[in-house]
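Trainee: What follows is a protein structure lacking sequence information:
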């Protein structure tokens, strides 16, 4: 699986790779309205299909933080985006096609995340807001951005590639 993950996140493709994401508490991402929330993984839960594409221009971004990627979901086509709301970085889902972002003439920073991997776990740090990571907390709660690593939030996830 590690070789597949390296292929996904190291820019070896311009075709979106798909899979599912779960946190270390075995919660998966599902779509509830316009938000991604976490719920316990069970046979009756259909997690969203996550789409991943590398940034075409990683050399124009900060080095050493991980591989810059776009993160989206399928059906409906939406992408994760980081924007400032009331002075605070927030994670949002926007109606954007991941290939449209990928094909822009320069990186679209609000939609990019540095993917760093340790063993089988991954973190996703916002390119637009350095030090802010995608996180999950309790079941049924939306995923969000946090700068508080090691607190009560989970910033470590597993990405399961779909064949």
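Mentor: Arrived safely. Everything numeric in this text was worked out from a predicted model, so none of it was measured.
Trainee: which stretches of the protein form strands?
Mentor: 17-23, 27-32, 35-40, 50-54, 67-73, 78-85, 88-94, 112-118, 121-126, 133-135, 144-146, 157-161 (DSSP state E).
Trainee: Tell me what the residue nearest the centre of the chain is bridged to.
Mentor: In the chain, the C-alpha closest to the average C-alpha coordinate belongs to residue 71, at a distance of 4.5 Å (Cα atoms, centre = their mean). Going by DSSP bridges, residue 71 is paired in beta bridges with residue 52.
Trainee: burial count for the nearest residue to residue 19 once chain neighbours are set aside?
Mentor: Nearest residue to residue 19, sequence neighbours excluded (Cβ to Cβ, 6 or more residues apart in numbering): residue 161, at 4.4 Å. C-beta coordinates here come from the backbone N, C-alpha and C atoms, glycine included. Close neighbours of residue 161, defined as other Cβ atoms under 10 Å, add up to 15.
Trainee: Look up how far residue 26 lies from residue 161.
Mentor: 18 Å (Cβ to Cβ, to the nearest Å).
Trainee: before we move on, back to that, right, and the residue nearest to the centre of the chain touches residue 54 too?
Mentor: No: assessed by Cβ atoms under 8 Å, residue 71 is found out of contact with residue 54, at 11.1 Å.
Trainee: what touches both of those two?
Mentor: Common contact partners of residue 71 and residue 54 (Cβ atoms under 8 Å, 6 or more residues apart in numbering): none.
Trainee: returning to what we had before: local confidence estimate at the residue nearest to the centre of the chain?
Mentor: pLDDT, residue 71: 97.
Trainee: just residue 138 next, same as before
Mentor: The model's pLDDT for residue 138 equals 83.
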